[in-house]
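Asks: return a 3D structure for these sequence lines:
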Amino acid sequence: MPNVLIKILKGLGLFILLGLVWYVGAELGFQGKYRQEIAENIQSLQELNRALVEAFKNDYFGGKTAEETYNLFMQALKEEDVDLAVKYFVHDVDRRANYAEKFNKMKEEGGLKKYGEWWPAWGDMTKTETEGRVTAEFYWTQEEATTETMPNGAGGFIEYEVPAGE
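Replies: Here you go, the predicted model:
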């Protein structure tokens, strides 16, 4: 009887040892795959960053400062030059096409010039600097509620009900 018990315990120990080896091997495989995905993501982000730097180096549109670019963008809107305005506004070609479509629609409906005039002059905006990044904000007061078409930040536009007041 003791021989049978020893054989059972040896078999059970071997089974547990094999299970442990399998678990460690699987975990190492998962960790390796995870590290590989991280390395691929880092490489992809580095390539994207290089492409963005190259795009900005080759950007012949806009001014030397954010203020100059903003003023050029506003002038293009007021002159209803959609092709030029979107080049100042966004660098992503797909989003640029989307904005061009929206701006052309506004132009056809007679609202593009008004949209350009709606924005304040650069000097009228409040500027705050946080960690080396400058943010320009503005406030306006209007007498009655209106519906405005505004960029939604994702390449499209939204209709926004602007209440009276500030």
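Asks: out of everything not next to it in sequence, what's closest to Gly63?
Replies: Nearest residue to Gly63 in three dimensions, chain neighbours excluded: Thr69, at 4.7 Å (Cβ to Cβ, 6 or more residues apart in numbering). For the C-beta atoms, the positions are set from N, CA and C on the backbone; glycine is no exception.
Asks: pretty sure the one you found is in a strand, no?
Replies: No: using DSSP: H, G, I helix; E, B strand; the rest coil, the assignment for Thr69 is helix, not a strand.
Asks: in contact with it, which residues?
Replies: 62-63, 88 (Cβ atoms under 8 Å, 6 or more residues apart in numbering).
Asks: where do the helices sit along this structure?
Replies: 2-57, 66-78, 82-89, 93-108, 112-118 (DSSP state H).
Asks: against which helices or strands is the last one packed?
Replies: In this case it means helix 112-118. Packed against helix 112-118 by the contact rule (3 or more Cβ pairs under 8 Å, 6 or more residues apart in numbering; DSSP states H and E) you find helix 66-78, helix 93-108.
Asks: what's the distance between it and the middle of its chain?
Replies: Relative to the centre of its chain, helix 112-118 is centred 25 Å away, using Cα atoms, centre = their mean, to the nearest Å.
Asks: what helices and strands are in contact with the helix or strand of the chain with the lowest mean pLDDT?
Replies: Taking mean pLDDT, DSSP states H and E as the measure, the chain has strand 133-137 as its least confident helix or strand, at a mean of 76. Strand 133-137 sits against helix 66-78, strand 126-130, with contacts defined as 3+ Cβ pairs under 8 Å, 6+ apart.
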